[in-house]
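> okay, structure incoming, though there's no sequence with it:
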């Protein structure tokens, strides 16, 4: 019986933390979310693409969001140009082995990033070296470096604009907000592009 009470307390704590971070994110990040939407919208209307990159759970978010855009979010419609730089195992292992893990995304951005593209770096801490280097290369190539983070923004704060900084230091809560915001952006983009 004690174990069940402990689990009940755990679930209640997690839900309360989630609700608290959700409320703070909604209040503190709204302007940055709207700025991110307008940034994505402008790029897609100009025939550019959105390139996502991040590590671990953030890599999963990259794949999730790129898929929502290239396939569909709510209804069948024309595709939106988006790529997750986290999916090509041959490129990832070759870059990591031959050039170092810190070049994982910058090398791909050098290869396929073009003027006016959106480079979306996702890092819960804002300190991921390969995400930072990717944003630096994006800026040098004339792409638009933007990001999702938490933990006060970290080093990404100096590189990405707009930048959505979830007001939390919990990796789990930050990731929950990232995918929620990302899906909101996907739906808003479909609507503003007149695709649904």
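Received the coordinates, thanks. From a predicted model like this one, the values you see are computed outputs, not experimental measurements. Residues are numbered from 1 along each chain as shown.
> residues touching the most centrally placed residue in the chain, list them.
Nearest to the centroid of the C-alpha atoms of the chain, with distances taken as Cα atoms, centre = their mean, sits residue 122, at 4.2 Å. Residue 122 is in contact with 52, 53, 54, 58, 61, 62, 131, 147, 148, 149, 178, counting by Cβ atoms under 8 Å, 6 or more residues apart in numbering. Backbone N, C-alpha and C define where each C-beta goes, glycine included.
> what's opposite it in the beta bridge?
Beta-bridge pairing of residue 122 under DSSP bridges involves residue 54, residue 148.
> report the separation between it and residue 74.
23 Å (Cβ to Cβ, to the nearest Å).
> and the gap between residue 107 and residue 113?
10 Å.
> related to what we said a few turns ago, look up how far residue 178 lies from the residue nearest to the centre of the chain.
Distance from residue 122 to residue 178, by Cβ to Cβ: 6 Å.
> and for the two, which residues touch both?
58, 61, 148.
> which stretches in the protein count as helices?
Here the chain has its helices, by DSSP state H, at 2-45, 57-70, 89-98, 106-112, 129-140, 171-192.
> confidence-wise, which of the ones you listed is weakest overall?
When mean pLDDT is averaged over each of the helices of the chain, helix 2-45 scores lowest at a mean of 93.
> got the angle between that helix and helix 57-70?
50 degrees (axes from the mean of the first three to the mean of the last three Cα atoms, to 10 degrees).
> packing partners of helix 2-45?
Packing partners of helix 2-45 (3 or more Cβ pairs under 8 Å, 6 or more residues apart in numbering; DSSP states H and E): strand 50-54, strand 118-122, strand 144-149, strand 163-165, helix 171-192.
> mind giving me the PyMOL select for the contacts of residue 122, buried ones only?
To isolate the buried subset of the contacts of residue 122 in PyMOL, counting by 16 or more other Cβ atoms under 10 Å, use the following:
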select buried, resi 52+53+54+58+61+62+131+147+148+149+178
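> ok, so of the contacts of residue 122, who is nearest residue 17?
Minimum distance to residue 17 across the contacts of residue 122 is 15.4 Å, recorded for residue 178 (Cβ to Cβ).
> let me see the contact set for residue 125.
For residue 125, counting by Cβ under 8 Å, 6+ apart, the contacting residues are 149, 150, 151, 154, 171.
> over to residue 193?
Per Cβ under 8 Å, 6+ apart, neighbours of residue 193: 41, 44, 45, 80.
> so which of the contacts of residue 125 wins on neighbours?
When neighbours are taken as other Cβ atoms under 10 Å, the top entry among these is residue 149 (28 neighbours).
> my read: that one touches residue 168, true?
No: in this structure residue 149 lies outside contact range of residue 168 using Cβ atoms under 8 Å: 10.5 Å.
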